[in-house]
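**Q** Next comes the sequence, and after it the predicted model I'd like to discuss.
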Amino acid sequence: MIPGIRAVLFDLDETLIDDFPGLERAHRAVARRLRDYLRGRGMEVNEDELFNRITQLDDKMNLQRRYIRNDWWPLLLEKMNVKVELPPELLDELTWIYWKTFADNSRPYPDTKPTLEYLKGKGYKLGIVTDTDGTRGIKEMRLKQLDFIKNFDVVIISGEDTARTKPDPQPFLLAAERLGVRPEECVFVGDKPFTDIDGGRAAGMKTVLLKRRDWGVRERADYTIKSLAELRDLL
Ligand SMILES: [Mg+2]
């Protein structure tokens, strides 16, 4: 058990909601739209290659904390040596297709709701600290679609509610302040060592790495778990 904790703060993506099906379909939808656009300009590009490249790029951009999708699409074609200027309205459309498909296909993990209800029942205050999706308003739209959101006492979208994103301590500290607790009375639960864990630590919180996959980076969490349900052993 972790002593002295009054609030449990969570990351959203790949912590509370399973993004893998949403990501895969979003990548597929963008690949298709881009292939069709290029075909209309007389350029044949393989859809599967586009899909694979987008998947690789997504991880790479996340590691670099570059969240603005409109910047991704020209970079993708550059890497594939496809020389074409994409019009701004197509960049917007691709980004919209990405987020719409993603939101429609991402679901809470089976243990998300029961775990939140367990923590609520134990009297913990609950919060979410999630980074902006790069385009203002998209994350808010996605959050509104989640029915478990009503369990939370505070939701911070870093990069929108605060100037800086994770791993800067700013959004973590704002969440604690809004909950009326001290940072050391918070535990932060997240899947990414380089944003959630480094940021939670920098803010002076206890940290729990929810290891959904290996990012190949240094992990400095106080505790490591494989599923949300394991939080019952800690809290
Ligand atoms: Mg995450």
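**A** Sure thing, it's come through.

**Q** so residue 7 makes contact with residue 124?
**A** Yes: Residue 7 lies in contact with residue 124 (CB atoms under 8 Å); the separation is 6.1 Å. C-beta coordinates here come from the backbone N, C-alpha and C atoms, glycine included.

**Q** more neighbours, these two?
**A** residue 7 (23 against 20; other CB atoms under 10 Å).

**Q** leaving aside the residues next to it on the chain, what's closest to that one?
**A** Excluding the flanking residues, the one nearest residue 7 by CB to CB, 6 or more residues apart in numbering is residue 125, at 4.1 Å.

**Q** Give me the neighbour count for that neighbour.
**A** Residue 125, neighbours per other CB under 10 Å, totals 22.

**Q** cool, and the one 5 residues further on?
**A** Taking other CB under 10 Å as the neighbour definition, residue 130 ends up with a count of 26.

**Q** which ones are touching the residue nearest to it when sequence neighbours are not counted?
**A** Excluding its sequence neighbours, the residue lying closest to residue 130 (CB to CB, 6+ apart) is residue 12, at 4.0 Å. When contacts are counted by CB atoms under 8 Å, 6 or more residues apart in numbering, residue 12 touches 128, 130, 143.

**Q** what do you get for residue 25?
**A** Contacts of residue 25 by CB under 8 Å, 6+ apart are 101-102, 105.

**Q** Which of these sits closest to the ion?
**A** residue 102 (13.1 Å; CB to the ion).

**Q** So that closest one: helix, strand or coil?
**A** Following DSSP: H, G, I helix; E, B strand; the rest coil, we place residue 102 in the helix state.

**Q** How about residue 45: what's its closest non-neighbour residue?
**A** Counting by CB to CB, 6+ apart, the residue nearest residue 45 is residue 38, at 5.1 Å.

**Q** Now do that neighbour against residue 46, distance only.
**A** To residue 46, residue 38 is 10 Å away according to CB to CB, to the nearest Å.

**Q** who's more crowded, these two?
**A** When residue 38 and residue 46 are compared for neighbours, residue 38 comes out ahead with 17 against 12, by other CB under 10 Å.

**Q** tell me the pLDDT at that one?
**A** With respect to pLDDT, residue 38 scores 97.

**Q** now swap in residue 107 and tell me
**A** 92.

**Q** Any chance of the backbone angles for it?
**A** phi -130, psi 150 (degrees, to the nearest 10).
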